[in-house]
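>>> Sequence below, structure please.
(chains A and B)
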Amino acid sequence: MRRFRTCLWFCFVVLVSSSLITPASGDEIAERAKKLHFSSIVLDTHDDTTQRFFSTDFDIAKRNADGSIDIPRMREGGMNAIFFSIWIDGRIMGPPAVQKALDQIDAVHENVRRNSKDMAFCRTADDVRRAHAQGKIAALMGVEGGHMIGNDIRIVRIFSDLGVRYMTLSHFYNDEWADSSTDKPAHNGLTDYGKEIVREMNRQGIMVDISHVSDKTFYDALEISKAPLIASHSSCRALCNHVRDMSDDMIKALAAKGGVIQINYEMSFIDQPYKDASDKLSGGVVAMFDQLKKECGDNEACVGKKMAEMQKQAVAEGKLPRVSWERIIDHIDHAVKLVGADHVGLGSDFDGASMPEGMEDASKLPKITEALMRKGYSDGDIRKILGGNLLRVMEQNEKVSREMQAQ
Amino acid sequence: MKNIMSIAMMRAAVCVLGGFAVATSLAGDSISEKAVSEKATKLHFSSIIVDTHDDTTQLLLDPKFDMGVRQSSGSIDIPRMREGGLGAIFLSIWIPSKVTGPNAVQKALDQIDAVREQVRRHPKDLMLATSADQVRQAHKDGKIAALMGVEGGHMIASDLGVLRTYAALGVRYMTLTHSGNDEWADSSTDKAVHNGLTDFGKDVVREMNRLGVIVDISHVSDKTFYDALEVSKAPLFASHSSCRAICDAPRNMTDQMMKDLAAKGGIVQINYHVGFLSQEFRNAEKADPKINEAIAQEVTKRCGSDANEGCMLIEGDRVTREYVAKGVLPRVDYMKIIEHIDHAVKVAGIDHVGLGSDFDGANMPYGMEDATMLPKITEALLNKGYSEGDVKKILGENTLRLMTDVERASHELNLEK
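Residues are numbered from 1 along each chain as shown, chains lettered A, B, ... in the order given. As a prediction, this is how the structure comes out:
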């Protein structure tokens, strides 16, 4: 009790002195940031944790020594809305791709069901807000790669019915109807069927995700889509010249149509020296994945784990530079300066990429809020970046879907 | 029914009889109104009529097919369901047994999508239902309840995740096999290889129980039936099978099987396929295998060699009727359906019999060409002395009770986990 009073008195002094006399002190900002963070909907649009559901030694309810995502660490980091990525290798196509995608969708539903005290499956922005009000983590799904529909528009509707709320038009490889940013163009962007698929996604209220796609595919999708698009996990090319990132022009065009860029924390997407060194070392992200796939076979969780280990070791040996989590803030800030606070959000790529130092897992997320506050961002703008923007885009997609279905 | 030979038979009727049916309804008097007493009509149209097996889904795969329009062939569309008082329909998700693995999964999803799209297209007439309560709600709202059953365990590709996916998409029963064995269960029309259900097959049944998906034992071997009966924690049904005592087809159930099914709260849903109803018809088919071969050839000719299943089912019925007209195959009257219902009621009890027509997937008897004819079943049962309450049970209340029991078992199993 005494300690509490002392604290109260101390806080009061700090508050008065800081607000009246000097600019806000460090501790006061930390305190305010914490409050803001833990009262906000903190939504991450890209997490590859789904792959871990297939390992018998992974339990999302328990704190894990490796990886970035589990319920205890999400709770600790105030992360209360997560898009689980449905992903399989882009070279698996046709019916096998469809079935494997169903298995992952099922794994998400099963994990949510088994942890229904902590998680609620959500299909709409309202669902997310309701989960938040009930103190639950909102679980959503995004399909990362158009190859998983088996070149069959009907599967888009099936995914939608199963609760999928975004689809990335391609992954590392071109699919049957869209070019990828990391493959040789074969379709000059979106094919006619690809355009039909975008329209069907609009009709279903599935957000069109342009991360991973070629620049031409991006512009084609932007033109066709009747609802705002997202880049679920991409950063800024102006700061790190990677094809997986977006150029300033692309970010502007995305924002002009109401979309959001969800900043990816992967080191080779946020830090130029790291990317350069990494390219030299492994021949780029696709080559690296290929190498690891040889070692891990079909176990995708193993690929992710090995990649993290490899990179950690390379950093320790000085073969790769260290990257601080603050580079994430640089990317957020760059995008905000370019298009305003309404068009930027968070798409970590946790459990699917190499995290910078200081952002190893979900428990570190409050640091983002604090850093933005220190940069002078308003509380309202910070809330938008943490999740509000994405919820707005979801709502707009829901509205377009309703209108198209009514026609 | 669906084997190339006899499946195709349903639509044949329409060439010959269809003209008659259309003519009468255009004149403003439906067949049912003409043939059925006022009492039966009143009872029929105040009851919830549930049909647990219709192959219309094959036709829905053609984007041009519109359930909202009265068709000149086949048995099922919204206008004819309305006219016949059919209030709840299980649309069958079916692909041939020989298609397995991921291909089977994607094709099944396409059919599930076709059903769901049809419901979205006709929101005033159709409602997707996944529970007994929703069926009752649809009835109250003046809509037809559309439900789904997966006809053949091969469509889960030995993957419980796929089974759960089907359940999530609204599938409410699964037939453990179709006409061929699948990876984990023996069929009644294939050589036994699993001695009934494998261990994995038993897991499938348990997971179906937990999900609230009705275990359907039509098509399965007798041993698979008894294995499933033993493992299942919820009542089972035969979604479209008739009585072996009257017509000795392996697809039908023996008296003992029906008794055992009923003892666990289950139901036999009588199939209207002439080859399952009539021993005489079956004998004629068996006596000369060339007949079915000739029918199959004619169907292939009409539908093309890469024919879709919908065409083959419809043309099969049409060609079969042509053979009946020529006197090559015996003519089977719809009263045979009543005979099977009555036999099953006597053997299994009034609470354990229902309707599983196999419309749009088999050869219908004369007088039961399509959904508009259903009031004749009500009329015939009343004439036989069945009480109104008993008739309602057969028409749909038994199936709704079973659905409720299966839902309760699912709820309890989910609480345990």
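>>> How far does stretch B:206-214 sit from its chain's centre?
When C-alpha coordinates are averaged (CA atoms, centre = their mean, to the nearest Å), stretch B:206-214 and its chain have centres 20 Å apart.
>>> Sticking with B:F90, tell me its helix or strand.
According to DSSP states H and E, B:F90 maps onto strand B:86-93.
>>> Is that strand in proximity to chain A?
No: Strand B:86-93 lies out of reach of chain A by CB under 8 Å from any CB of the partner chain, never closer than 12.2 Å. Using the backbone N, CA and C atoms, a C-beta is placed for each residue, glycine as well.
>>> Partner strands of that strand and their direction?
strand B:49-54 (parallel), strand B:144-151 (parallel) (DSSP bridges).
>>> pLDDT averaged over that strand, what's the number?
Within the predicted structure, the mean pLDDT of strand B:86-93 is 98.
>>> now swap in stretch B:159-171 and tell me
Rounded to a whole number, the mean pLDDT of stretch B:159-171 is 98.
>>> Tell me which of the strands paired with strand B:86-93 sits nearest to A:Y219.
Within the strands paired with strand B:86-93, the stretch nearest A:Y219 is strand B:144-151; the backing value is 40.3 Å (CB to CB).
>>> next SSE after the helix or strand of chain A with the lowest mean pLDDT?
Across the helices and strands of chain A, the lowest-confidence element by mean pLDDT, DSSP states H and E is helix A:2-16, at a mean of 45. In the C-terminal direction, the helix or strand that comes right after helix A:2-16 (DSSP H and E) is helix A:26-39.
>>> Figure out how far the helix or strand that comes right after that next one is from the centre of its chain.
For helix A:26-39, the following helix or strand on the C-terminal side (DSSP H and E) is strand A:43-47. For strand A:43-47, the distance from its own C-alpha centre to the chain's C-alpha centre is 4 Å (CA atoms, centre = their mean).
>>> Strand A:43-47 packs against which elements?
Contacts defined by 3 or more CB pairs under 8 Å, 6 or more residues apart in numbering or on different chains; DSSP states H and E place strand A:43-47 against strand A:81-86, strand A:137-144, strand A:344-346, helix A:389-406.
>>> Show residues contacting the first one.
If I follow you right, that is strand A:81-86. A:41-50, A:69, A:74, A:101, A:104-105, A:108, A:122, A:128, A:131-132, A:137-144, A:148, A:164-166, A:232, A:352, A:387 (CB atoms under 8 Å, 6 or more residues apart in numbering or on different chains).
>>> what residues does the stretch 51-200 of chain A put near chain B?
For the stretch 51-200 of chain A, the contact set with chain B under CB under 8 Å from any CB comprises A:94-96, A:98-99, A:102-103, A:105-107, A:109-110, A:150, A:152, A:154-155, A:157-158, A:161-162.
>>> Quick one, which of the residues you listed are buried?
The neighbour-count criterion (16 or more other CB atoms under 10 Å in any protein chain shown) marks A:95-96, A:98-99, A:102-103, A:105-107, A:109, A:150, A:152, A:154-155, A:157-158, A:161-162 among those as buried.
>>> Let me have stretch A:247-258 in PDB, keeping just the CA atoms, if that works.
As requested, C-alpha coordinates have been extracted for stretch A:247-258 and formatted as PDB (Å, rounded to 0.1, in the frame of the first residue of the first chain):
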ATOM      1  CA  SER A 247       8.100   1.400 -54.200                       C
ATOM      2  CA  ASP A 248       6.900   4.800 -53.100                       C
ATOM      3  CA  ASP A 249       4.800   5.100 -56.200                       C
ATOM      4  CA  MET A 250       3.100   1.800 -55.400                       C
ATOM      5  CA  ILE A 251       2.500   2.700 -51.800                       C
ATOM      6  CA  LYS A 252       0.900   6.000 -53.000                       C
ATOM      7  CA  ALA A 253      -1.300   4.200 -55.600                       C
ATOM      8  CA  LEU A 254      -2.400   1.700 -52.900                       C
ATOM      9  CA  ALA A 255      -3.200   4.400 -50.500                       C
ATOM     10  CA  ALA A 256      -5.100   6.400 -53.100                       C
ATOM     11  CA  LYS A 257      -7.500   3.500 -53.300                       C
ATOM     12  CA  GLY A 258      -7.800   3.300 -49.500                       C
END
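>>> Now that stretch: buried residues?
Along stretch A:247-258, the positions that meet the burial threshold by neighbour count (16+ other CB under 10 Å) are A:M250, A:I251, A:A253, A:L254, A:A255, A:G258.
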